[in-house]
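Participant: From the sequence below, what's the structure:
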Amino acid sequence: MKKVISMILATVMVMGLASCGKAPKHRKDKDEKVSSWLKVEKDDDDIIIDGDEMILSIGQSNWGLVCSDDDYWMSDHYEIYGDGTIKKTVTYNLSGATVMEEQLSDDDLQTLYNFQQWCITADPFANYHEDACDGSGWSFGYYDEDGEYVSFYSGYAYGNRDLSEIQDLVTSYF
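Facilitator: Reported below is the predicted structural model:
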């Protein structure tokens, strides 16, 4: 009986995965051009960032198959502030949340600020979409002057170089 149940479960999982779309593979070729938002250069006089202002909100959520009885990883949430503070909240199903805090380098803060400004002005992910059916989903956004969350992108981010560079940057601090 156990063999039959195991075979049924395996068949259901394989069928579920086979019906999903394919996500583009992420490549980091050394010959790739630098992202356009990294080229944005501003004088110190042009950049006015309030230290209390959250310039980016980035989330990573578990979109895989889970069991509610397990203490599985649910999400990571990153808050980036104008003073260079980066806060990470890691949340597990049963054990709850843990908050960590680090200080960004000036160059990394500038990179994240440039990314935010590029997203606000160019809306580069308005028509971007990836098909996949498990793994991690990502959200990128900020809070406007009225305290409303504004999303740049929400979904899978396996194949987009710009999103991957930001993911790599924020995750490198923890």
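Participant: For the rest of this, base every contact and every neighbour count on C-alpha atoms.
Facilitator: OK.
Participant: Where does pLDDT dip in this structure?
Facilitator: Low-confidence segments of the chain (pLDDT under 70): 1-50.
Participant: what do you get if the cut-off is 50, keeping everything else the same?
Facilitator: 4, 6-34, 37, 39-40, 42, 45 (pLDDT under 50).
Participant: Which parts of it are helices?
Facilitator: Using DSSP state H, the helices found in the chain span residues 2-18, 106-122, 161-171.
Participant: centre of the chain versus the shortest one, how much separation?
Facilitator: It refers to helix 161-171. 7 Å (Cα atoms, centre = their mean, to the nearest Å).
Participant: Check which residues of that helix are buried.
Facilitator: Within helix 161-171, the residues that qualify as buried are Arg161, Asp162, Leu163, Ile166, Gln167, Val170, counting by 16 or more other Cα atoms under 10 Å.
Participant: Centre-most residue in the chain?
Facilitator: Trp138 (3.9 Å; Cα atoms, centre = their mean).
Participant: That one and Gly51: what is the separation?
Facilitator: Between Trp138 and Gly51 the computed distance is 25 Å (Cα to Cα, to the nearest Å).
Participant: and what of Met100?
Facilitator: 18 Å.
Participant: Show the contacting residues for the residue nearest to the centre of the chain.
Facilitator: Neighbouring residues of Trp138 by Cα atoms under 8 Å, 6 or more residues apart in numbering: Ile58, Gly59, Gln60, Ser61, Tyr153, Ser154, Gly155, Tyr156, Ala157.
Participant: How many residues are close by the last one?
Facilitator: The one in question is Ala157. 26 (other Cα atoms under 10 Å).
Participant: hang on, isn't it packed against Glu130?
Facilitator: Yes. The pair Ala157 / Glu130 is scored as a contact, 7.0 Å apart, by Cα atoms under 8 Å.
Participant: just to revisit the earlier point, kindly reformat the buried residues of helix 161-171 as TSV containing distance to Asp83.
Facilitator: Output for the buried residues of helix 161-171, formatted as TSV (distance: Cα to Cα, whole Å):
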residue	distance to Asp83
Arg161	26
Asp162	23
Leu163	22
Ile166	18
Gln167	20
Val170	15
